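Novice: Can you look at this prediction? I've put the sequence above it.
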Amino acid sequence: MAVQWFPGHMHLTRKAIGERIKDIDVVVEMLDARLPGSSANPLLAELTGHKPTLKVLNKQDLADPTRTALWLAHYNALPGTRAVPLDASMTTPARALVDACHQLAPLRGGMAKPLRVLICGIPNVGKSTLINTLKGKRAAKTGDEAGVTKIEQRITIADDFYLYDTPGMLWPRIIVAQSGYKLAASGAVGRNAFDEQEVALELLDYLGAHYPQALAARYKLRDAQTATDEQILDGVGRARGALQSGGRVNLQKAAEIAIHDFRAGALGPATLETPAEFALWLAEGQRVDAQRQIKKDAITQDRLIRHKKIPRPARVGLTDAPREPED
């Protein structure tokens, strides 16, 4: 089952960004450093593509440093884009973000031309925590679940630096299946929009292939790299006491434990994708989506043909009957 989540307030956010972007100098897009490709919003790129962009790989302390370096190189190679890693709770790197914005818009600054920055990102990526760090007080609401911020807020970071905070926004349809699962595992998707067991199995399958030592250390697993995702989930439940009568594992509870441990960093630094992997997933998603659109268009065309009103020949009445020739 594909993971999708686009509640009503996200429609309003999309509209608000479209209106606000005309007056913005720099766009800051916060990404989850554990899934930098999957957490980059393609809809946001459409809305703000012509503006200088700073990609902030947040939660770097939870991510794999080697893979973070790959993603920074990937984004820094894009035109009009800079990328920096960040832990939103660290004061000095957060202030460095302000300097990076000034470098992207060197002609803005001072009371006459204050720098106007729009900060966006997926839900629960850490925007509000970063804003509070920049401001030095609780200027924005924070929470460990998606959808805490509901309205746009303007926050004055300095006399010549205005920061516009927007609610976290996903996109109407996630075409990369892997991204949906990773977004759900990270906490970017509302808890009622996905199946925990399905997401946990996908998460454990990837971690087992790329971070087996972390799983072995946390859950005392043997051969985590060769075990199936179902076997790993069973091991999680047994290691953490998620058992039912008869010694059976409560798979729902085990799934919740695995997801919680990943979000909390209890498994150690881990990144769920590389630029090369994401490029392959995206290409496949685009191919499948193109096929889906072709089928959809064909169904629409067929429906139009079947319901098309075909003109009927005029009925001939009694008064229209051909007359006999007169003598």
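Specialist: Cool, got the structure. Numbers count the residues shown, from 1 in each chain.
Novice: Closest to the centroid, which residue in the protein?
Specialist: Ser39 (3.7 Å; CA atoms, centre = their mean).
Novice: ok, and it, which helix or strand is that part of?
Specialist: Using DSSP states H and E, Ser39 sits in no helix or strand.
Novice: Look up how far Leu243 lies from it.
Specialist: Distance of Ser39 to Leu243, given as CB to CB, to the nearest Å: 35 Å. (Glycine included, C-beta is placed from N, CA and C.)
Novice: for Lys15, same thing?
Specialist: Taking CB to CB as the measure, Lys15 falls 49 Å from Leu243.
Novice: okay, those two: which has more neighbours?
Specialist: Leu243 (14 against 11; other CB atoms under 10 Å).
Novice: Name the nearest residue to that one, sequence neighbours excluded.
Specialist: Nearest residue to Leu243, sequence neighbours excluded (CB to CB, 6 or more residues apart in numbering): Val249, at 6.1 Å.
Novice: Next up, phi/psi of that neighbour, please.
Specialist: With angles defined as degrees, to the nearest 10, Val249 sits at phi -80, psi 130.
Novice: Start at 7, not 1
Specialist: Renumbered: residue one is now 7, and that last one reads Val255.
Novice: Check the burial of it by counting its neighbours.
Specialist: If we define neighbours as other CB under 10 Å, then Val255 has 18 of them.
Novice: list the contacts for it?
Specialist: Leu239, Asp240, Gly243, Arg244, Ala248, Leu249 (CB atoms under 8 Å, 6 or more residues apart in numbering).
Novice: So which of the residues you listed are in helices?
Specialist: If you go by DSSP state H, these have Leu239, Asp240, Gly243, Arg244 in helices.
Novice: At which residues are the strands of the stretch 57-206 of the chain located?
Specialist: 59-64, 87-92, 121-127, 159-164, 167-171 (DSSP state E, counting those that start in this stretch).
Novice: show me what contacts Pro68?
Specialist: Pro isn't right for residue 68; it's Leu. Leu68 makes contact with Ala39, Arg40, Gly271, Pro275, Ala276 under the criterion CB under 8 Å, 6+ apart.
Novice: Make a markdown table out of the contacts of Val255 and add distance to Gln231.
Specialist: Formatted as a markdown table, the contacts of Val255 follow (distance: CB to CB, whole Å):
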| residue | distance to Gln231 |
| --- | --- |
| Leu239 | 15 |
| Asp240 | 16 |
| Gly243 | 19 |
| Arg244 | 18 |
| Ala248 | 23 |
| Leu249 | 25 |
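Novice: neighbour-wise, which of those leads?
Specialist: Those, ranked by neighbours (other CB under 10 Å): first place Leu239, 25 neighbours.
Novice: I'd like the distance between that one and Ile128.
Specialist: Taken as CB to CB, the span from Leu239 to Ile128 is 26 Å.
Novice: ditto for Thr72
Specialist: If you go by CB to CB, the gap between Thr72 and Ile128 works out to 23 Å.
Novice: Please identify which of these two sits among more neighbours.
Specialist: Between Thr72 and Ile128, counted using other CB under 10 Å, the more crowded position is Ile128 (26 against 10).
Novice: For the more buried one, list the residues it contacts.
Specialist: Ile128 neighbours (CB under 8 Å, 6+ apart): Met36, Leu37, Asp38, Ser45, Asn47, Gly174, Met175, Leu176, Leu189, Ala194.
Novice: All good on my end, thank you.
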